[in-house]
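Asker: just the structure for this:
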Amino acid sequence: MEMFGDVRIGNYYWLRDDSRTDPEVLSYLHEENAYTDSIMSGRIKEEDVSAPLRKGPCYYYKRTLEGKEYVQYCRRLISDNQKVPYVHDIMPTGPEAPPEHVILDVNVKAQHHQYCTNTTHTPKTPKEMKYILYVIDAETQATIGEPLVGVTSYFEWAGDNALVYVMMDEILRPDKAWFHVLGTEQSKDTCLYVEKDDMFSLDLEAFESKKYLFVASESKNTRFNFYLDVSKLEEGLKVLTPSVDGIDTTVSHIGACAVNNTSSTTVLIPHRESVKIQEIQLFSDHLVVYERENGLPKIIVYHLPPISEPLRSLESGQAVSFVDPVYSAESSGSEFPSSILGFLYSSLRTPSSVYDDNMKAGISVLKKIDSSNWSTMLRTKLPNDCEIRIKVTKLTYPGAKRLLGSGHYLIPILIVYRKDLVKLDGSDPLLLYGYGLYELISGGGEMGRQWYENGKLLKKKNTFTDFIACAEYLIEKNSVLRKDCIEGRSAGGLLIGAVLNMRPDLCKAAVAGVPFVDVVTTMLDPTIPLTTSEWEEWDDPRKEEFYFYMKSYSPVDNAKAQNYPNILVTEGLNDTRVLYSEPAKFVAKLRKSKIDDNILLFKCEFGAGHSSKSER
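Answerer: Residues are numbered from 1 along each chain as shown. A predicted model of the protein is given here:
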């Protein structure tokens, strides 16, 4: 491969087989798996029920059963004495309770399939996967009309008898929005919009009032919107906000402004340099704002005037209180007419938990703890006072590699340990984890937008040097633990790969999950899913300056004859975000070039994509 007079030789390029059927390639991967399987094993909790979500006249929840790989989707009627939602409501069970209704048993659907996943249209659902969309009668299980083939996870009801859904082009870019009337053939569907710019992808949202659907077209830096009036479907999509380069606009609806005059706006929350607004959530009587400041998320609840009254300002918001000094909090299922806010909460010592918050009274009630979480397993082996024994410390390393504004920036480091066992004298092992992309972690947005800007494009190496600096800081201060293991996944796998080449002496072991490690080759290939949309994050290596900058840190291009620590690399054969051939080539090159005798493992899941296998 030659560009700008530079020649790169890919001795293991043959490992890329887009059909995933080449016998020689599959045999190679099976041999790698056999070697890894001889060393590794695991365990899992089998029976569980999710926190019930109250919606309309029913509670909805998911159930997992012992010996079964997939979930059952269930619902149960709300009893008469619980008609008004209350944060202390508990879904009734037992012989006196309304009967459980299994809406969908995925175990049945998954029979005879190597990989099976279903989507409930959440932001975390991978948009590059293709689905078959069935509409079923929840009572009778009968299928309504013919299934829609080749759709993404983006689909929404447009009234009671129609759907809007999004489809993808040949590089798995969501590019077309379609309108479908139930009971008609898919070939008769109407195309509402086609996005022809391959740096943009479509998004679809149905927000709280249910009066409008919003179709958005977005790149990494720009987002503009169309709307569909559910009561006037025949009018089709209309422009809501125009496309302006560098302007990212997200919309929702409660009835407070006219859709035909969005330029007439009122600033409700002014910009604050140190605060990032991550999400807003509208209710009939409340506005909930999810913010991040100094690395910590906040949930702020504002009371709204009646919908019939103009919304000109907000009164002081009430912050939801949390018990841990360092934590994660994000939105969960809630109903628009309700005054109950659902949110997810976790920390390095608190398992993933579901809460309901009474926004009028400011009371939060715990509804469910994820009993499969690692922190719970820690606690089951400890006395009842173990919460006190698990400690989280937040350090800030004063980075000297680069400056933000007028002074040195701080890198937050969170440390969790058993304070009754760990001495903090350098005698205990450490697992150091990082990510570093899309405004997440170093090179992320925790400390503000500028922190993110200083870790991308021609400043991408700051992500790697920050991670190295944090490890050196912990080792030098000896206030925590001795160097031992580092870990990262996806873009964090790139972080690990780059650090291994730059500082292989930094650790004794490394784990790189689905790692993006063949940066130059991938970003030069616009036929690979995500490449064109990622140019605004990494830039385009068809430009000489970016070509040589990317090559200087790309793990595949920089693996060399030196000692490496013990390494585990994982990948899914059907991964469309990071092609399986990237880590396969990286491991093959390491096997050829490294001069040590440490263990190098590569595990390729044949029935998996970017997020592991579909089975538990």
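
Asker: okay, CA-based contacts and neighbour counts for the rest of this
Answerer: Noted.

Asker: any stretches of the stretch 401-550 of the chain with poor pLDDT?
Answerer: 401-409, 440-447, 477-483 (pLDDT under 70).

Asker: which stretches of the stretch 51-200 of the chain have low pLDDT?
Answerer: Within the stretch 51-200 of the chain, the stretches with pLDDT under 70 are 81, 114-115, 118-128.

Asker: and the strands in it, which stretches?
Answerer: When assigned using DSSP state E, counting those that start in this stretch, the strands of the stretch 51-200 of the chain occupy the ranges 53-55, 58-64, 72-77, 100-105, 131-133, 148-157, 162-168, 174-181, 190-194.

Asker: likewise for the stretch 451-600 of the chain?
Answerer: Under DSSP E, counting those that start in this stretch, the stretch 451-600 of the chain gives strands at 482-489, 509-513, 566-572, 600-605.

Asker: which residues are in contact with the longest one?
Answerer: Under the contact criterion CA atoms under 8 Å, 6 or more residues apart in numbering, strand 482-489 has outside partners 426-435, 471, 474-475, 493-496, 506-515.

Asker: what do you get for stretch 545-562?
Answerer: Stretch 545-562 is touched from outside by 8, 457-458, 461, 494, 497-498, 501, 517-520, 539-541, 582, 585-586, 589-590, 593-596, with contacts defined as CA under 8 Å, 6+ apart.

Asker: tell me the secondary structure at Ser321.
Answerer: Per DSSP: H, G, I helix; E, B strand; the rest coil, the local secondary structure of Ser321 is coil.

Asker: what's the neighbour count on it?
Answerer: For Ser321, the neighbour count with other CA atoms under 10 Å is 12.

Asker: what do you get for Glu185?
Answerer: For Glu185, using other CA under 10 Å, the count is 13.

Asker: is it correct that it is in contact with Phe179?
Answerer: No: using CA atoms under 8 Å, Glu185 is not in contact with Phe179, being 11.5 Å away.

Asker: now the common contact residues for those two.
Answerer: Counting by CA under 8 Å, 6+ apart, Glu185 and Phe179 have no shared contacts at all.

Asker: re the thing from before, of the contacts of strand 482-489, buried ones?
Answerer: The neighbour-count criterion (16 or more other CA atoms under 10 Å) marks 426, 430-435, 471, 474-475, 493-496, 506-515 among these as buried.

Asker: thinking again about what came up before, helices - which of the contacts of stretch 545-562 land there?
Answerer: Among these, the ones falling in helices (DSSP state H) are 461, 494, 497-498, 501, 519-520, 582, 585-586, 589-590, 593.

Asker: which one of the residues you listed is nearest Thr143?
Answerer: When the ones in helices among the contacts of stretch 545-562 are ranked by distance to Thr143 (CA to CA), Glu582 comes first, at 41.0 Å.

Asker: and that closest one, how many neighbours?
Answerer: 24.

Asker: from Arg75, how far out is it?
Answerer: 43 Å (CA to CA, to the nearest Å).

Asker: equivalent analysis for Pro325, please.
Answerer: According to CA to CA, Pro325 and Arg75 sit 36 Å apart.

Asker: the two: who's more crowded?
Answerer: Set Pro325 next to Arg75 and count neighbours by other CA under 10 Å: Arg75 wins out with 24 against 10.

Asker: what sits against that one?
Answerer: Contacts of Arg75 (CA under 8 Å, 6+ apart): 58-61, 100-103.

Asker: most neighbours of all the residues you listed, which one?
Answerer: Among these, Tyr60 has the most neighbours (other CA under 10 Å), with 22 neighbours.

Asker: who's that residue bridged to?
Answerer: Listed beta-bridge partners, Tyr60: Leu53, Arg75 (assigned using DSSP bridges).

Asker: wouldn't it be in contact with Ile78 here?
Answerer: No: between Tyr60 and Ile78 there is no contact under CA under 8 Å: 10.1 Å.

Asker: look up the closest residue to Val499, ignoring the ones flanking it.
Answerer: Using CA to CA, 6 or more residues apart in numbering and skipping the chain neighbours, the partner closest in space to Val499 is Phe464 (6.2 Å).

Asker: count of neighbours near that neighbour?
Answerer: Using other CA under 10 Å: Phe464 sits among 25 other residues.

Asker: from Val422, how far off is it?
Answerer: Phe464 is 28 Å from Val422, by CA to CA.

Asker: quick one, what contacts Glu571?
Answerer: Glu571 makes contacts with 513-515, 580, 583, 602-605, 609-610, 612, as judged by CA under 8 Å, 6+ apart.

Asker: find me the pLDDT at it, would you?
Answerer: Note on Glu571: pLDDT of 93.

Asker: give me the mean pLDDT for stretch 575-588.
Answerer: Confidence for stretch 575-588, expressed as mean pLDDT, is 92.

Asker: ok, and what's touching that stretch?
Answerer: 12-13, 15-17, 128, 490, 514-518, 529-530, 555-556, 559, 569-574, 600, 602, 604, 608-610.

Asker: end to end on it, go ahead and measure it.
Answerer: From start residue to end residue, stretch 575-588 stretches across 19 Å - CA to CA.

Asker: Asp324 in helix, strand or coil?
Answerer: Strictly by three-state DSSP, Asp324 counts as coil.

Asker: hang on, isn't it packed against Ser347?
Answerer: Yes: Asp324 is within contact range of Ser347, at 7.1 Å (criterion: CA under 8 Å).

Asker: those two: which is more packed in?
Answerer: Legend: neighbour count by other CA under 10 Å for Asp324 and Ser347, higher for Ser347 (18 against 14).
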